[in-house]
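Visitor: take a look and give me a structure for this.
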Amino acid sequence: MKIYIASSWKNQNFCKAVADALRTEGHEVDCFCDGSSGRYVFHWTEFVKREEDMANYDAIEFISDARTIRAFEEDRRWLDWADACVLILPSGRSAHLESGYAKGRGKRLFIYGDFPKGEFEVMYRFADGMFRLEDLDGLLDALTTSQTTQL
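Guide: From the prediction side, this is the model:
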């Protein structure tokens, strides 16, 4: 199966570890923070030198820049390529939009990560399966067997 990983840069090392586990199971994986597949990896440091300088731009200015347009097109290309999306929590708005786009395009969606009490999203019902951090094997089984976990 071809899998797109959506998450946050704050999780980059964990995302790479999950990608490696999926590859070990025979899956093809695109991970937004891993250029080993030949993908273009965009990081805010291409846009500004210091993170606090991001406060000088709004969303419209940011997405109009050629570098972010390239990043968007790259992510969309890999999302279109994939059969499934794994949203690794915690993650932000962009990763949630990516996973929603994938589901809307008919791809399978799995959510994997920490699910703290008091934090939840009604729209997670779109997911084909949700797995806690301690259940990586459950996620791997669901992806390998093409089964859907009843929510």
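Visitor: can you list the residue ranges for helices in this protein?
Guide: Remark: helices assigned in the chain by DSSP state H are 12-24, 59-63, 66-81, 93-104, 136-145.
Visitor: buried residues, stretch 127-135. List them.
Guide: By neighbour count with 16 or more other CB atoms under 10 Å, stretch 127-135 contains the buried residues 127, 128, 129, 130, 131. Any C-beta I mention is one placed from the backbone N, CA and C, and that applies to glycine too.
Visitor: before we move on, the earlier item: I'd like the helices of the chain as a markdown table, with mean pLDDT and distance to residue 33 appended.
Guide: Below are the helices of the chain laid out as a markdown table (pLDDT from 0 to 100; distance: least, CB to CB, whole Å):
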| stretch | mean pLDDT | distance to residue 33 |
| --- | --- | --- |
| helix 12-24 | 96 | 4 |
| helix 59-63 | 90 | 19 |
| helix 66-81 | 94 | 11 |
| helix 93-104 | 97 | 11 |
| helix 136-145 | 93 | 18 |
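Visitor: could you dump these into TSV with mean neighbour count and distance to residue 48 added?
Guide: Formatted as TSV, the helices of the chain follow (neighbours: other CB atoms under 10 Å; distance: least, CB to CB, whole Å):
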stretch	mean neighbour count	distance to residue 48
helix 12-24	16	19
helix 59-63	10	10
helix 66-81	15	10
helix 93-104	18	17
helix 136-145	16	35
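Visitor: tabulate the buried residues of stretch 127-135 (JSON lines), appending pLDDT.
Guide: Shown next, in JSON lines, are the buried residues of stretch 127-135 (pLDDT from 0 to 100):
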{"residue": "127", "pLDDT": "97"}
{"residue": "128", "pLDDT": "96"}
{"residue": "129", "pLDDT": "97"}
{"residue": "130", "pLDDT": "97"}
{"residue": "131", "pLDDT": "98"}
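Visitor: out of those, what pair is the most spread apart?
Guide: Pairwise distances across the buried residues of stretch 127-135 (CB to CB) peak at 10.7 Å, for the pair 128 and 131.
Visitor: roughly how far apart are the residue lying farthest from the centre of the chain and residue 62?
Guide: Residue farthest from the centre of the chain, counting by CA atoms, centre = their mean, is residue 56 at 26.4 Å. Look at residue 56 and residue 62: by CB to CB, to the nearest Å, they are 10 Å apart.
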